[in-house]
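# I would like the atomic coordinates for the input below:
(one chain, ligands or ions: 1)
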Amino acid sequence: MTESGGGAPPSPAKVIFGKYEMGRLLGRGASAKVYHARHCPSGQGVAVKVFPNPRRPAGCSAAGDSFIREISALRRLRHPHIIRLHEVLASRSKVYLVLELAKGGELFSRVEDRGHLPEDLCRRLFRQLVSAVAYSHSRGVFHRDLKPENLLLDEAGDLKVSDFGLAALRSSSSSEGDDGELLLHTQCGTPAYVAPEVLARKMTGGYDGAKADIWSCGVILFVLNAGYLPFNDPNLMSLYRKIYRGHHRCPRWTTPNLRRLIARLLDPNPDTRISIDGILRDPWFARDFDADQWTALMQPCEDAPDPSGKPHHRRELNAFDLISFSAGLDLSGLFEEATSDRERFALAEPVDTIVNRLEHVGRGEGLAVRREGEKGFSAVVEGQKGDFLLRLEVYRLTASVAVVAVERSAGAGESLWNEKLGPALRGPVTVEAEHTNTARRSLPRKKSAPSTFFHCHIDRAKSPRNLRL
Ligand SMILES: Nc1ncnc2c1ncn2[C@@H]1O[C@H](COP(=O)(O)OP(=O)(O)OP(=O)(O)O)[C@@H](O)[C@H]1O
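Here you go, the predicted structure:
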């Protein structure tokens, strides 16, 4: 939702992480607030989406899940009509997504202002939307919350799809082209834009994320052309009934070809609903269509130099990887303050190297170090009389990156960790932040440690030139 009249900034000229000057509130949604900000070194305008601390149980719409989904989705996507994620920053209490700024605001406001849009403009925006959706699907990302409020505009009035907080991702292990196998079960989205099979998921045992997004594109096309929703009712059950039936009435100015395409998009049966390929062949969509431009738009964008002008050295791990590669691995501890008996941090080393070093140092101190566990590695360090001192769990994130979880007993365990094992394990290899020589991406060990415990940089990519539809 856009803030009318502009909200107050979080605090006057507040600069976060030493490089983003926070400005006015651009909008707020269920899970986050979005601020205008200026990247101080380059002066470039950005949008900073601020999520609260995700210390919460998993769920479809709450903030914790939402930002992980959004990061995971956006890191796969580089497309001129999808909002670009520049950087992820985190403090103990908040996660910040630094996003490309959409200077033109929400498409929704444009439709509200003008009542409805002329047919040629509908076609241009719809093509841009379909190109973004087709590209996302080809990269295994299903948006699941497509609606005009999530469609932003840039300065030139071109479309930018945003808010992937409800997206579903096909696991990278599944092969390309098996979209049909990704049957989803979670009911997400905004009722007026949600496909009938999503509402009926309990009966069908799942739905196809690609077909559900295509339905939402149909609702959006209808809204652009009509200026009102195809299915609307203050009573939710009546609304659902209208959606199941798929009955809609196009305004009188709708041309026959557009009417036919809308009917094929708003087909309540996902099996007979038009596919992306069908849309490309549709006469209304295909009018003056440039197939070469389309093909180019489906290619991932190339990388571009860092906006700060510094050479960018891509590292194997950054905070962003920590979050988005963490499926199945509980990294919630990374967002909690370290306590005196427990902490977690990441190391840019293979699991085996870490455990070997732990054994080496531990034995040098006359301690027993036992390896155990199958999930990742657990190493238990015991004192000479067999009393428990430390438990370390070392999880593999990538071949050369691991997360270490430490639990220690009070007294001897704590001093052993602080004075010997901790420094020996962390050594000089703790993952360092991009653009800073001193900051470390490990959790702070002591209360005096800075509140920023990691940040990362995400490659910016060039938009292919002349590829706007
Ligand atoms: N990149 C951006 N550039 C400009 N404005 C933006 C940007 N991203 C978001 N906004 C504004 O902030 C509002 C809220 O953002 P967004 O929809 O991403 O938040 P959310 O909490 O994920 O929403 P939801 O309630 O749909 O989950 C948007 O509707 C839009 O007005």
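
# The stretch 1-150 of the chain: helices as residue ranges?
Assigned by DSSP state H, counting those that start in this stretch, the stretch 1-150 of the chain shows helices spanning 63-74, 107-114, 119-138.

# Surely Thr295 is within a helix?
Yes - using DSSP: H, G, I helix; E, B strand; the rest coil, the assignment for Thr295 is a helix.

# okay, now it: neighbour count?
Per other C-beta atoms under 10 Å, the neighbour tally for Thr295 reads 10. C-beta here means a position set from N, CA and C on the backbone, and glycine is covered the same way.

# Could you do Cys40 as well?
For Cys40, the neighbour count with other C-beta under 10 Å is 14.

# so who does it touch?
If you count contacts by C-beta atoms under 8 Å, 6 or more residues apart in numbering, Cys40 has them with Val15, Gly18, Lys19, Tyr20, Glu21.

# Going by distance to the ligand, which of the residues you listed wins?
Lowest distance from the ligand to those (C-beta to the nearest ligand atom) belongs to Tyr20, with 13.6 Å.

# coming back round to it: what's the least confident stretch among the helices of the stretch 1-150 of the chain?
If you rank those by mean pLDDT, helix 63-74 sits at the bottom with a mean of 78.

# That one to helix 119-138, inter-axis angle?
100 degrees (axes from the mean of the first three to the mean of the last three C-alpha atoms, to 10 degrees).

# Around the ligand, which positions in the stretch 101-250 of the chain sit nearby?
Leu101, Ala102, Glu106, Glu149, Asn150, Leu152, Ser162, Asp163, Gly165 (C-beta under 6 Å from any ligand atom).

# Now render the helices of the stretch 1-150 of the chain as JSON lines, adding mean neighbour count and distance to Asp292.
Converted to JSON lines, these look like this (neighbours: other C-beta atoms under 10 Å; distance: least, C-beta to C-beta, whole Å):
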{"stretch": "helix 63-74", "mean neighbour count": "22", "distance to Asp292": "27"}
{"stretch": "helix 107-114", "mean neighbour count": "16", "distance to Asp292": "26"}
{"stretch": "helix 119-138", "mean neighbour count": "21", "distance to Asp292": "13"}
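
# Of those, which is nearest Ala402?
Closest to Ala402 of the helices of the stretch 1-150 of the chain, according to C-beta to C-beta: helix 63-74, at 19.6 Å.

# residue in the chain nearest to the ligand?
For the chain, C-beta to the nearest ligand atom, closest residue to the ligand: Gly29, 1.9 Å.

# That residue - how many residues pack around it?
Counted with other C-beta under 10 Å, residues neighbouring Gly29 total 18.

# Out of the contacts of Cys40, which comes closest to Ala134?
Closest to Ala134, out of all of those and judged by C-beta to C-beta, is Tyr20, at 32.8 Å.

# Neighbours of the closest residue to the closest one other than its chain neighbours, how many?
Once flanking residues are discounted, Tyr20 sits nearest to Ala37: 4.5 Å by C-beta to C-beta, 6 or more residues apart in numbering. Residues lying near Ala37 (other C-beta under 10 Å) number 27.

# Hmm, Leu26 and Ala37 touching each other?
No - with contact defined as C-beta atoms under 8 Å, Ala37 does not count as touching Leu26 (9.5 Å).

# follow-up on the earlier one: I'd like the contacts of Cys40 as a markdown table, with distance to the ligand and pLDDT appended.
Below are the contacts of Cys40 laid out as a markdown table (distance: C-beta to the nearest ligand atom, whole Å; pLDDT from 0 to 100):
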| residue | distance to the ligand | pLDDT |
| --- | --- | --- |
| Val15 | 20 | 88 |
| Gly18 | 22 | 82 |
| Lys19 | 18 | 87 |
| Tyr20 | 14 | 91 |
| Glu21 | 16 | 94 |
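
# Surely Tyr244 and Ala200 touch.
Yes - Tyr244 lies in contact with Ala200 (C-beta under 8 Å); the separation is 7.4 Å.

# Tally up the residues packed near the nearest residue to Gly209 once chain neighbours are set aside, please.
Leaving out its chain neighbours, the residue that sits closest to Gly209 by C-beta to C-beta, 6+ apart is Phe142, at 3.1 Å. As a burial measure, Phe142 scores 26 neighbours (other C-beta under 10 Å).

# what does Asp208 give?
Neighbour tally, Asp208, other C-beta under 10 Å: 22.

# That one and Pro270 touch, don't they?
Yes - taking contacts as C-beta under 8 Å, Asp208 lies within contact range of Pro270: 5.8 Å.

# Next, show the common contact partners of those two.
Glu197.

# Determine which two of the residues of the stretch 101-250 of the chain next to the ligand are furthest apart.
Using C-beta to C-beta, the two most remote members of those are Leu101 and Gly165, lying 18.1 Å apart.

# Among those two, which residue is more densely surrounded?
Looking at Leu101 and Gly165 with other C-beta under 10 Å, you find the greater number of neighbours at Gly165, namely 29 against 24.

# mind giving me the domain ranges of the chain?
With domains defined by automatic domain parsing, the chain comprises 15-99, 105-298, 319-443.
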